[in-house]
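Undergrad: Okay, predicted coordinates and the sequence, questions at the end:
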Amino acid sequence: MTGLEHALERAIVICATRPTVFRYFTDPRRFADWWGAGSSIEGRPGGSLRIRYPNGVTASGTVLEVVTDERVVFTYGYDDPAKPIPPGGSRVTVTLEDRPGGTLLTLRHELHDAATRDQHVPGWGYQLALFANVAARDQLADLAGTVDRYFAAWSEPDATRRQEAIRGVTTEGVTFKDAFGCTVGRDELLAHVAASQLHMPGIRLAMPRTCSLSSPGESSSSSRRVPLALRSIAGKIRRSASSRLSVSSLLPVPLNSS
């Protein structure tokens with residue numbers, strides 16, 4: 001494709017892992033969750049792409065390149081001949097990179113003229129903000145269950161099983177901060193958990209069932225303040241506190257899940 005001398009670029013950090021973000025460019029259902037009902041994508045080179053906007057305007061294109069969890073390239077244009085870009089008349093490149101808060105998505109849209117490029121700057125800003133929230137909600141769909149498994153690992157007396165449990169729900173860069181400790185990385189967290197069992201035997205960490213991990217405006221945030229209850233063996237609450245937990249450091253599903 002030649003003559004695409006004018007380009008716009010937008011970048012956003014999404015609170016989700018690269019595999020989670022990438023799935024929206026290969027899974028038609030997720031693609032429609034982002035763009036709206038009637039939108040679809042065939043996530044392979046040569047596959048078709050269709051976008052149906054809420055106002056009924058439609059756009060289409062062809063997938064040119066797919067590199068798993070890293071890069072997607074596709075053409076883009078409107079089906080209405082009165083629109084400034086014909087089907088296949090521009091090229092969009094999406095690249096994904098790991099970042100501490102999740103995934104850095106960089107979008108580059110190449111077009112024939114500067115005026116059309118400028119018209120699409122605010123639209124892509126809106127669509128990427130929308131996508132950030134959709135992908136983050138997907139990442140955190142089972143956040144309460146993941147946090148439960150995470151806290152259960154704190155009470156596991158066997159060191160080997162405790163290590164396996166924590167590895168099953170966290171990433172290597174997991175962070176933990178509360179009134180009693182501050183850790184960065186899985187090794188420091190494991191050492192902190194072991195120390196808590198040594199110095200506070202019989203204490204069980206749990207999240208009160210009456211609390212919520214979601215709040216307005218937080219779906220694309222990279223952390224949550226998690227209420228904690230320290231209970232004795234008999235179940236009596238010994239202390240209540242809260243912890244700032246990096247949710248992008250929690251794995252939303254078991255490691256062997258797709």
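TA: Noted; the coordinates are in hand.
Undergrad: Off-centre distance for stretch 134-143?
TA: 7 Å (CA atoms, centre = their mean, to the nearest Å).
Undergrad: cool, stretch 152-163 as well?
TA: 27 Å.
Undergrad: which of the residues in that stretch are buried?
TA: Within stretch 152-163, the residues scored as buried using 16 or more other CB atoms under 10 Å are Ala152, Ala153, Trp154, Ser155, Glu156, Arg162, Gln163. (Glycine included, C-beta is placed from N, CA and C.)
Undergrad: how close does the second one get to Ala179?
TA: As defined by CB to CB, to the nearest Å, Ala153 lies at a distance of 20 Å from Ala179.
Undergrad: Val72 touches Val94, doesn't it?
TA: Yes: under the contact definition of CB atoms under 8 Å, Val72 touches Val94, with a separation of 4.7 Å.
Undergrad: who's more crowded, those two?
TA: Higher neighbour count among Val72 and Val94: Val72, with 23 against 19, using other CB atoms under 10 Å.
Undergrad: where does the stretch 1-150 of the chain have low pLDDT?
TA: The stretch 1-150 of the chain contains residues with pLDDT under 70 at 1.
Undergrad: now the strands for it?
TA: For the stretch 1-150 of the chain, strands defined by DSSP state E, counting those that start in this stretch occupy the ranges 6-14, 40-41, 48-52, 58-67, 71-78, 90-99, 102-111.
Undergrad: Give the intersection of the neighbour lists for Val72 and Val94.
TA: Phe25 (CB atoms under 8 Å, 6 or more residues apart in numbering).
Undergrad: between the buried residues of stretch 152-163, which is nearest Val13?
TA: Distance to Val13, by CB to CB, is smallest for Ala153 among the buried residues of stretch 152-163, at 27.7 Å.
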